[in-house]
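Provided below for reference: sequence and predicted model.
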Amino acid sequence: MRRFVRILGTLMIIAGVGALAWAFTVWKWEDPFTATLNYYEQRELAKSFDRELEEGRPPATTPTPVDVRETLPGSAVKWRRSLQRGDAVARLRIPRLGLNEVIVNGTDTDSLKRGPGRYLKSGMPGEGELVYVAGHRTTYGAPFSRIDKLRKGDRVFVELPYATIEYAITGHRIVESTETSVLESKGIEQLALQACHPRFFASHRYIAYARPVAVAPPGGGASTPIDATGTS
C-alpha cells in the first residue's frame, strides 16, 4: 500500500510539473499543437493568394501609384464581392510584431483557426470604411499574441491583388467582449486589429487602430501618400 501511495505521489508530481511546463510554454510562446495545424492552413492560403496575385497582374503595363489610388475604392468593392467565407483576402505584414500572415475572409471559429480573419460586415482595404481584422492570441499560430506591443506610428502593410496599402498605428482601446459598437464604420478608412484581452481570457477585446498613409501598385513599386478618406 505504501509503495502504491509513493508511486501515485510521484506520478502526480510529474503530472503537475508537466502541466506547469505546458502552461509556461503556451504563455511564453503559443500552443504548439494548434500552431502546427495553423502552419499548414497558412501554407494553403498563401498558395491560393499567390495565384490571385499572379492572375490579377496586368499583362503588359504596371499601373502607376496615382492610377491605383484613383481606382482603389472600386477595386476594393470588386474584390470584396468576389470572395467567399474562408477565402484568402490579403497578406498582412507587421514589422513590429514580426508578423507575415495571410488574412482569411471571416471571423467564425473555423476561419480564425486558419489565420487572422476579416469581419465579413466590415469593409475591404481601400474601400474607405472600417476594416476589422481579428486574430487569436495564444492558439492557432497566435498571430496577435503581442498586439499590445504595437506603438503609435508603427507600420502595418496589407498586400492585395489590386494594391499594397500602408497603415500607421494611431492608438488602441480595450472594450468588453459584448461591445458591438466597435464593429460600426465611421465612414472613413480605418484598420482595426482585434484580439482577446487579457491573454488566456475572453472577457475583453484589445483593439489596435491604424489609418492609411500610402498606397503602392500591386507587385511593388513606388507608393503615393493617402489619408483616411483615400485622398492624396
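Now that the structure is in, tell me what you want to look at.

drop to CA atoms for contacts and neighbour counts, all remaining ones
Will do.

nearest spatial neighbour of the residue nearest the centre of the chain, chain-adjacent residues omitted?
For the chain, the residue nearest the mean C-alpha position is residue 116 (3.6 Å; CA atoms, centre = their mean). Nearest in space to residue 116, with sequence neighbours left out and distances taken as CA to CA, 6 or more residues apart in numbering, is residue 135 at 4.4 Å.

equivalent analysis for residue 31, please.
Leaving out its chain neighbours, the residue that sits closest to residue 31 by CA to CA, 6+ apart is residue 139, at 5.2 Å.

now do the one you found, the pLDDT please.
Looking at residue 139, its pLDDT stands at 92.

tell me the SS of it?
coil (DSSP: H, G, I helix; E, B strand; the rest coil).

thought it was touching residue 36?
No: using CA atoms under 8 Å, residue 139 is not in contact with residue 36, being 10.0 Å away.

who has more neighbours out of the two?
Between residue 139 and residue 36, counting by other CA atoms under 10 Å, residue 139 is the more crowded of the two (24 against 14).

just to revisit the earlier point, so the residue nearest to residue 116 sits right up against residue 205, yeah?
No: under the criterion of CA under 8 Å, residue 135 is not in contact with residue 205, lying 10.8 Å apart.

which of those two has more residues huddled nearby?
residue 135 (27 against 22).

distance of that one relative to residue 114?
Residue 135 sits 10 Å away from residue 114 when distances are taken as CA to CA, to the nearest Å.

residue 165 now?
Look at residue 165 and residue 114: by CA to CA, they are 22 Å apart.

between the two, who's got more neighbours?
Just comparing residue 165 and residue 114: by other CA under 10 Å the higher neighbour count belongs to residue 114, 30 against 27.

re earlier: what's near enough to touch the residue nearest to residue 116?
Contact partners of residue 135, counting by CA atoms under 8 Å, 6 or more residues apart in numbering, are 112, 115, 116, 117, 142, 143, 144, 193, 194, 195.
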